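Engineer: the following block contains a protein sequence and its predicted model.
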Amino acid sequence: MHKAVVIIPSRFDSTRFPGKPLATLKGKSIIQHVYEQASQSSLADAVYVATDDKRIFDEVHSFDGHAVMTSSSHTCGTDRIAEAAKNIDCDIIVNVQGDEPFIRPEMVDDTVRVLRDDEKASMSTLCVRIDNQEDLLSPHSVKVVMDREGYALYFSRSPIPYYRDDWKDVNSISHIPEKTILRKHIGIYGYRKNVLMELTLMDKGDLEDIEKLEQLRALSAGIKIKVRETEFNTFGIDTIDDLRKAEEWQNISL
C-alpha cells in the first residue's frame, strides 16, 4: 500500500494558455518537468498525472510516467485528483500543480512530513516570505496568515496582514524588509485521503467564490490546514510570457 502519493492535475484547455502542459521548457514538456521534480521526493511512494486529455496521457507515458484518465467535467484540480485517488491505496495525497516546473522534491517531502508529524492537521501546505513589491501587490500571489501553531487563519489575494500604521491607504502599501513580514502561499497541498473525499462533496462557500481560492472551502468548513515555511520559491506558468520568463529564470536550473 502506498502511504503517500503525488497526484498532478493537468488539463489541456487552459483559458490563458491552451496546451500549456505540453509546451516545451528547456527541451522538455512542462508536465515532464513537474513529474520528474516530484518523483525525486524521498517520502512519496508514487507519482501520477490526472488528466482528461489523451494528448497529455500519451505524453506522460512517453517518458515512462504514470497517468490516470479522469472526467472532463471537473472544474477544479481538487476534484480531478479526488477521482484519481479513489482507486489508489494511500493515506496521504499531495496535490502538485501541473504548471509548477520549478517545484522542489524537498517541498513535496515537507508537505508529507507535516501530516505525518501532526495528527491534528487534516491538510498541509507551504509558504515563503515575500521579499519583493511585485509579490506583495499581485493578486496572483496568494498570501496566508497563520496562528501561533502554524495553522492557516486565512488566505487572500490581498496583502495580509494589513500594516495599518505603515500603510496609510491602499496606495501606500509597500514592502519594507525591516518592518513587513508577509508570506506567499505556495500552491502545493497535502490531504489525508478521507478529508480530500469529503472536501469534494462540499458546496462552494462565499469566501471561495469571492477570492476564487479553493482552500477557503476547507477553512470555511473548519478543516485544519497546517502551513510550513519553506526556503524555496517557485514559479508557476500561467501564460506564454511566463514561459519566456521561466526560460531565463536563474533561481533554479532544470
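Structural biologist: Okay, I see it.
Engineer: which residues in the stretch 1-150 of the chain form strands?
Structural biologist: Using DSSP state E, counting those that start in this stretch, the strands of the stretch 1-150 of the chain run over 4-10, 24-25, 28-29, 46-51, 67-69, 92-96, 123-129, 143-146.
Engineer: which elements pack onto the fourth one?
Structural biologist: The criterion is 3 or more Cβ pairs under 8 Å, 6 or more residues apart in numbering; DSSP states H and E, and the helices and strands that strand 46-51 contacts are strand 4-10, helix 30-39, helix 54-62, strand 67-69, helix 77-85. Just so you know, the C-beta spots here come from the backbone N, C-alpha and C atoms, and that holds for glycine as well.
Engineer: quick one: strands adjacent to the lengthiest strand in the chain?
Structural biologist: Identified as the longest strand of the chain according to DSSP state E is strand 183-192. If you go by DSSP bridges, strand 183-192 pairs up with strand 92-96 (antiparallel), strand 123-129 (antiparallel), strand 143-146 (antiparallel).
Engineer: so what's the residue nearest the centre of the chain closest to, chain neighbours aside?
Structural biologist: Nearest to the mean C-alpha position of the chain, by Cα atoms, centre = their mean, lies residue 187 at 2.2 Å. Leaving aside its sequence neighbours, residue 187 sits nearest to residue 97 (Cβ to Cβ, 6 or more residues apart in numbering; 5.1 Å).
Engineer: buried residues in stretch 81-101, which are they?
Structural biologist: Neighbour-count burial for stretch 81-101, counted by 16 or more other Cβ atoms under 10 Å, picks out 81-85, 88, 90-101.
Engineer: any stretches of the protein with poor pLDDT?
Structural biologist: Within the chain, the ranges that satisfy pLDDT under 70 run 1-2, 249-254.
Engineer: again, only using 80
Structural biologist: Applying pLDDT under 80 to the chain picks out residues 1-2, 14-16, 75, 248-254.
Engineer: biggest helix in it, by residue count?
Structural biologist: Counting by DSSP state H, the longest helix found in the chain is helix 105-117.
Engineer: so what's the gap between that helix and the chain middle?
Structural biologist: Centre-to-centre, helix 105-117 and its host chain are 13 Å apart (Cα atoms, centre = their mean, to the nearest Å).
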